[in-house]
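Peer 1: coords below, sequence missing:
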C-alpha cells in the first residue's frame, strides 16, 4: 500500500502523521515560517501556528502552544506540545501533576468500595 492509499483510509479524520523522511528546509524558509507562525499565534490563530511550528520544529513556539493549551485546560494537548518541543521541564511538571491526579482518583475509588 502506498502513502496516498494509506492516507485515503483516514480521510476526514484528524490525525498526526510522523514520517522519518525529512524534507530539507533552509534557514531562510524556516525563519519566514516561524515569523508567520508567531504572527498567527499573536492574532489568536493557534491551530495554524501549531501546524507551522510542528513543520519547522520551532521548540519555543511549540512550548508556547503548550502553555496556551494548558491555560485552556487541554492538558493532554499541552503535554503533546511540550513533548514534541522538547521542553522536558514543562512536560515533566505536567506528568507529575497528572500522575498525582490519577493516584488521587485511584485512592478515592479504593475508599468508595
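Peer 2: That came through, no problem. Just so it is clear, the model here is predicted, and its values are computed rather than measured.
Peer 1: remind me which residues of the chain are low pLDDT?
Peer 2: Applying pLDDT under 70 to the chain picks out residues 1, 15-23, 111-113.
Peer 1: now do 80
Peer 2: Along the chain, the parts satisfying pLDDT under 80 run over 1-4, 6-24, 109-113.
Peer 1: So which residue is dead centre in it?
Peer 2: Geometric centre of the chain, nearest residue: residue 81, 2.8 Å, by CA atoms, centre = their mean.
Peer 1: Look up which helix or strand residue 6 falls in, please.
Peer 2: Following DSSP states H and E, one finds residue 6 within helix 3-9.
Peer 1: Give me the buried positions along the helix or strand hosting residue 92.
Peer 2: Residue 92 is part of helix 88-112, with elements assigned from DSSP H and E. By neighbour count, with 16 or more other CB atoms under 10 Å as the criterion, the buried positions of helix 88-112 are 90, 91, 94. Using the backbone N, CA and C atoms, a C-beta is placed for each residue, glycine as well.
Peer 1: ditto for stretch 30-42
Peer 2: Buried-residue list, stretch 30-42, by 16+ other CB under 10 Å: 33, 34, 37, 38, 40, 41.
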